[in-house]
Every structure is written in C-alpha cells, then in structure tokens.
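Asker: Sequence plus the predicted model coming up.
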Amino acid sequence: KFIKSVIEKEKKNPGKISFVFCNDSFLHKLNLTYLKHDNLTDILTFDYSNTHTISGDIFISIDRVKENSVLFENTFYEELHRVMVHGILHLLGYKDQNKKQKLLIREKENFYLSLQT
C-alpha cells in the first residue's frame with residue numbers, strides 16, 4: 001500500500017512490480033552481466049514502465065541492506081524501506097548518476113519515508 005501511494009503521488013499508475021530479495025553474490029553477477037559494473041550494490045532496477053504505468057523488477061541485496069543499516073545507523077527495516085523507495089523512484093524516472101540527481105532522489109526518498117505510517 002505504501003509503495004502504491006508513492007507511485008500515485010508521482011501521478012503514475014502502479015503496474016506489475018516485483019521485489020526480488022537476494023544476496024551480494026547474486027546481485028553482483030547481475031550487475032556484471034547487465035551493467036558491466038564489477039562492484040557490490042544494494043539495488044538493481046529493471047524498468048519495464050510505459051508513459052503512465054510503472055512496472056519493473058527490483059533486485060535488492062539483503063546483505064547490503066544489513067551492512068548499510070549499521071553504517072547509516074538505521075534499523076534493518078528503515079534501510080530496507082529506503083532501498084525499496086529508491087527502486088520505485090528509479091522506475092518513476094529519477095536518476096542518481098551525478099551529484100544533483102543524487103541529491104534530488106535522496107530528497108524524494110526522505111519525503112516519502114516521512115509519510116510512512
């Protein structure tokens with residue numbers, strides 16, 4: 001319900017969205033195969049959205065979420081929710097390739113997480 005509300009607040013319709021929870025090794029292999037990035041990441045998002053409907057597969061490394069929750073002094077679930085919202089924001093078209101984009105996506109994450117009940 002919370003994820004659906006993020007999408008609707010961005011004036012889009014939720015379509016088929018899959019969250020796949022995996023380990024570092026699996027996500028690292030996907031990162032190498034599809035993005036040619038040889039590094040660990042907490043999330044990979046595969047976007048199948050169209051103009052009005054948001055759809056995609058969001059792969060999340062539980063290992064990264066655990067480690068980052070300690071690093072950023074969040075609970076595991078706070079960090080998991082942040083990463084899930086981050087993936088949805090990618091499906092909504094937000095990028096994080098440069099400093100300006102990273103700042104905007106972080107602001108959006110914080111805004112939507114603050115609305116969570």
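Answerer: Looks like it came in fine. Keep in mind that what you see is a predicted model, and the values were worked out from it rather than measured. Residues are numbered from 1 along each chain as shown.
Asker: Look up phi and psi at Y48.
Answerer: phi -120, psi 20 (degrees, to the nearest 10).
Asker: Next up, the contacts around it.
Answerer: For Y48, the contact set (CB atoms under 8 Å, 6 or more residues apart in numbering) comprises 15-16, 55-57. Quick note: C-beta positions are derived from backbone N, CA and C, even for glycine.
Asker: What of S69?
Answerer: Contacts for S69 (CB under 8 Å, 6+ apart) come out as 75-76, 78-80.
Asker: Could you list the low-confidence segments of this structure?
Answerer: The chain contains residues with pLDDT under 70 at 117.
Asker: Strands of this protein, residue ranges please.
Answerer: Listed in chain order, the strands of the chain (DSSP state E) span 13-22, 43-47, 53-61.
Asker: so which of the ones you listed comes closest to L103?
Answerer: Closest approach to L103 among those is made by strand 43-47 (18.0 Å; CB to CB).
Asker: name the helices or strands packed onto the closest one?
Answerer: With contacts defined as 3 or more CB pairs under 8 Å, 6 or more residues apart in numbering; DSSP states H and E, strand 43-47 has these neighbours: helix 24-30, strand 53-61, helix 76-91.
Asker: unless I'm mixing things up, E79 is touching N68, no?
Answerer: Yes. Using CB atoms under 8 Å, E79 makes contact with N68 at a distance of 5.3 Å.
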